[in-house]
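1. missing the sequence, but the structure's below:
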């Protein structure tokens, strides 16, 4: 009986530990919330700089939109936390209920043993039970039974005490969970109020947009032209590198073909002479035309920038570092993502990502080792393109450049300084990633 009760208690504890929210999920949720809080703090500092400016810019609206999105993500994270706490509270209530039922059963069983022991408390009853045995072996068994019965009662007491301690511990944990829930609810209320304020500010900014839509349209047109000119310059460099690699590969193939022809002429293969079966009978052999083996032209490689050992190593290494590449600037915030960006009724396509920095002049660093293939002066800023095999990264809107064309750069090496945003009160760069001539989203490649 005591073994059965102990097993039930252990099973109850095991069931609670399995049903409770895994610690890894809670840790991941906490990390997610901390990351959002960190970015919220950074973007709040950036927003404070652009909030009071007289000129309404795309960057100002983008920062405000990003802040609202982060606020909504943070509220969603708090909601997840509240659901987790509610689940823990519910499971804990079930566990406390089971433990209370368990202790009631234990107390009832223990009471029965106490009554039985009281009725058989005299030494006469004890000796009578032993001496009434049918034999010596039976008497020994009865003595062992009485000892085990005493041990059983002692274990019952211990299990009751342990169960009471476990209930007290669960109630204490339950109190802590309810306190955590109250804190989370207060935080959620605060964040919802803050979100309402941000949306009100956005509504005011949007109303200003209607009167300054032409100005913003001009900003978008300027950005499109700047992006188009930069993209054409990058594509021209990529095509030149591809053409150079293609010409080199074809020249090497032609040289190899000619070398094989010369080797075949210098060392012709002579077929062995055959002796006729009947030397007296002369048979004039008819010469057969030589068999010309047709050689199919070699198929061009998938990429001419993936032929030599150095490029192969760079391509493999760059691909292996997907989601691990460092950011080109420290403490940067993405204000415009890759592809189509919509701001109310305005939209534009971004060839890369636009990253805002706390101030202009911060260091811009290479995300991977490679060769500087292009440096451009765009009028209102400079840009640098670095080749990593068939991958090309471009850093635009730089206030200055610290490398030269042809330089080999290391991962994390400074290549320039961030330029200013449209209002001139913060820093900003554009980061572009291309696989040969195709633009791809840099975000999945950067460290999260």
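-> Looks like it arrived, so ask away. Quantities reported herein were computed from a predicted structural model and do not represent experimental measurements.
2. where in this protein is the helix or strand with the lowest mean pLDDT?
-> Ranking every helix and strand in the chain by mean pLDDT, DSSP states H and E puts helix 2-19 at the bottom, with a mean of 49.
3. immediately after that one, which helix or strand?
-> Using DSSP states H and E, the helix or strand that follows helix 2-19 towards the C-terminus is helix 23-51.
4. how about that following helix: buried residues?
-> Residues of helix 23-51 classed as buried: 29, 32, 33, 36, 39, 40, 42, 43, 46, 47, 49, 50 (neighbour count, 16 or more other CB atoms under 10 Å). For the C-beta atoms, the positions are set from N, CA and C on the backbone; glycine is no exception.
5. which residues in this protein form strands?
-> Remark: strands assigned in the chain by DSSP state E are 333-336, 339-343, 346-350, 353-357, 363-365, 370-377, 382-388, 391-401, 408-409, 414-420, 427-435, 438-440.
6. pLDDT below threshold where in the stretch 151-300 of the chain?
-> Residues of the stretch 151-300 of the chain meeting the criterion pLDDT under 70: 152-153, 209-213, 267-300.
7. repeat that with 90
-> Counting by pLDDT under 90, the ranges of the stretch 151-300 of the chain that qualify are 151-181, 183-184, 187-188, 191, 194-229, 231, 238-300.
8. OK, contacts around residue 71?
-> 40, 191, 194, 195, 198 (CB atoms under 8 Å, 6 or more residues apart in numbering).
9. in PyMOL, how would I select just the buried ones from those residues?
-> Remark: buried members of these, expressed as a PyMOL selection using 16+ other CB under 10 Å:
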select buried, resi 40+191+194+195+198
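10. of the contacts of residue 71, which is the nearest to residue 395?
-> Residue 395 lies nearest to residue 40 out of these, by CB to CB, at 26.3 Å.
11. and the pLDDT at the residue nearest to residue 61 when sequence neighbours are not counted?
-> Leaving aside its sequence neighbours, residue 61 sits nearest to residue 343 (CB to CB, 6 or more residues apart in numbering; 5.4 Å). Predicted confidence (pLDDT) for residue 343: 72.
12. who's residue 343 bridged to?
-> On the basis of DSSP bridges, residue 343 is bridged to residue 346.
13. that one contacts residue 64, correct?
-> No - counting by CB atoms under 8 Å, residue 343 stays clear of residue 64, with 9.8 Å between them.
14. comparing the two, which residue is more hemmed in?
-> residue 64 (22 against 17; other CB atoms under 10 Å).
15. domains of this structure?
-> Using automatic domain parsing, the domain parsing of the chain gives 2-212, 320-445.
16. picking up where we left off before, closest to residue 101 out of the buried residues of helix 23-51?
-> After measuring the buried residues of helix 23-51 against residue 101 - CB to CB - the closest member comes out as residue 29, at 32.4 Å.
17. could you list every helix and strand in contact with the lengthiest helix in the chain?
-> In terms of residue count, the longest helix belonging to the chain (DSSP state H) is helix 136-266. Applying 3 or more CB pairs under 8 Å, 6 or more residues apart in numbering; DSSP states H and E, one finds that helix 136-266 contacts helix 2-19, helix 58-119, helix 123-131, strand 346-350, strand 370-377, strand 382-388, strand 391-401, strand 427-435.
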